[in-house]
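Chemist: attaching a predicted model along with its sequence, questions to come.
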Amino acid sequence: ANVTEIRSEVVAPVARLLVSAGQAVRAGDPLVELRAPDVDAEVDRLEATVVRVAAELARSEVALKLARSNEQRMLHLGGTRLVSQDKVESAQRETESAQAGVRAAQASLKEAQLAVRHAKAMQQKLHVAAPVDGTVVDVSIREGEVAIPTSAALPGSLLLKLADTHRLLARVELSETELGKLELGDRAQVRSTVLGGPPLDGKFVDLRAKPSGGEAKFQGEIAFAPDALPARLVHTSCIADVDLDGGEPGLIVPLEAIRYPGQNVGSEGLATPYVLRVTAGRITFAPVETGLSNNRYQRVDRGLQEG
């Protein structure tokens, strides 16, 4: 599944967690609310500054209108020589001063409005929303803990994870022999080794060589029907039960149950892996054929029956 990590963009304590693991969300749904009273107070202060500067601009515009009117009157009177040239020039200087006052007030208003936008953008970061549709698969922070804006693996750096569970894949390790027996479209049953529960039916959609520095390794990908996917399976280990030979799926046993020739006294002559079987109070060696495995479990194809 595609997993999106949700991180904070500001340093702030978590006020409220609005979702829990397993919950489906849509893009834009609120996930986490952070608390930063200083940011809220700053927004209020800057908005008040915008109101004050806007009022100053309005007064400056009125003053400019009056200065222009007075300048026109002085120019008219100066043309009839009813006022001196000094008064005409003084009226012109008053108009220029009023124009400068308007320009300064306009610049101050623009600066204050920009500061409000920046503060509100910071305030918006306190309300963390889902960037995409998905299912919450992990909540890494608790109410009261401090969120920090970093990609480093530090406490508080990761808020939660969202997964797109419309397409969930299981990746399984394969041997070269197993790879040779599989084809795209082959069915498989996958079980979570951590959560248990009934197996999920799926099909192989990809078979490939896995990059490795040494020996050849192989990998298969199994896809499932969307309506069969519990979100809690995301990022868990699993084991795939695959019918490689047209028979019934094998049994799943702990990896430690599988023994190899020479591991027990008397087993040196065996040619295949085996398990220890207790029959009538005696321990015997039961040869088995093994299939897919992971780092915890092994599938037994033949030689062992349930019970």
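Modeler: Cool, got the structure.

Chemist: so who does the closest residue to Arg277 other than its chain neighbours touch?
Modeler: Leaving aside its chain neighbours, Arg277 sits nearest to Ala286 (4.3 Å; criterion: Cβ to Cβ, 6 or more residues apart in numbering). For every residue, glycine as well, the C-beta is placed using N, CA and C. Residues near Ala286 by Cβ atoms under 8 Å, 6 or more residues apart in numbering: 274-277, 303-304.

Chemist: let's see it at 7 Å
Modeler: 274-275, 277, 303-304 (Cβ atoms under 7 Å, 6 or more residues apart in numbering).

Chemist: give me the neighbour count for Gly134.
Modeler: 26 (other Cβ atoms under 10 Å).

Chemist: bridged to the nearest residue to it once chain neighbours are set aside, which residues?
Modeler: Of all residues beyond its chain neighbours, the one nearest Gly134 is Leu162 (3.7 Å), with distances taken as Cβ to Cβ, 6+ apart. For Leu162, the beta-bridge assignment (DSSP bridges) gives partners Thr4, Val136.

Chemist: just the mean pLDDT for the strand or helix carrying Gln219, thanks.
Modeler: If you go by DSSP states H and E, Gln219 is part of strand 217-224. Strand 217-224 carries an average pLDDT of 83.

Chemist: surely Thr95 touches Ser69?
Modeler: No: taking contacts as Cβ atoms under 7 Å, Thr95 lies outside contact range of Ser69: 9.4 Å.

Chemist: which one's more surrounded, the two?
Modeler: Taking neighbours as other Cβ under 10 Å, Thr95 and Ser69 compare with Thr95 leading, 19 against 12.

Chemist: kindly confirm my reading that that one is in a helix.
Modeler: Yes: counting by DSSP: H, G, I helix; E, B strand; the rest coil, Thr95 falls inside a helix.

Chemist: give me the distance between it and Lys65.
Modeler: Applying Cβ to Cβ, to the nearest Å, the value for Thr95 to Lys65 is 10 Å.

Chemist: quick one, the helix or strand bottoming out on mean pLDDT in the chain and strand 217-224 angle?
Modeler: Every helix and strand in the chain was compared by mean pLDDT, DSSP states H and E; the lowest is strand 238-242, with a mean of 71. Between the axes of strand 238-242 and strand 217-224, defined by axes from the mean of the first three to the mean of the last three Cα atoms, to 10 degrees, the angle is 90 degrees.

Chemist: elements contacting the helix or strand just after strand 238-242?
Modeler: Next in sequence after strand 238-242, counting helices and strands by DSSP H and E, comes strand 251-254. Using 3 or more Cβ pairs under 7 Å, 6 or more residues apart in numbering; DSSP states H and E, the elements in contact with strand 251-254 are strand 297-302.

Chemist: who does the strand it packs on touch, helix- and strand-wise?
Modeler: Here strand 297-302 touches strand 238-242, strand 251-254, strand 289-293, going by 3+ Cβ pairs under 7 Å, 6+ apart.

Chemist: check the offset of it from the chain's centre.
Modeler: On the basis of Cα atoms, centre = their mean, to the nearest Å, strand 297-302 sits 36 Å off its chain's mean C-alpha point.

Chemist: and stretch 116-129, by the same measure?
Modeler: For stretch 116-129, the distance to the chain centre is 19 Å (Cα atoms, centre = their mean).

Chemist: for Phe285, what are phi and psi?
Modeler: Backbone geometry at Phe285, expressed as degrees, to the nearest 10, gives phi -100, psi 130.

Chemist: what about it, neighbour count?
Modeler: For Phe285, the count of nearby residues is 16 (other Cβ under 10 Å).
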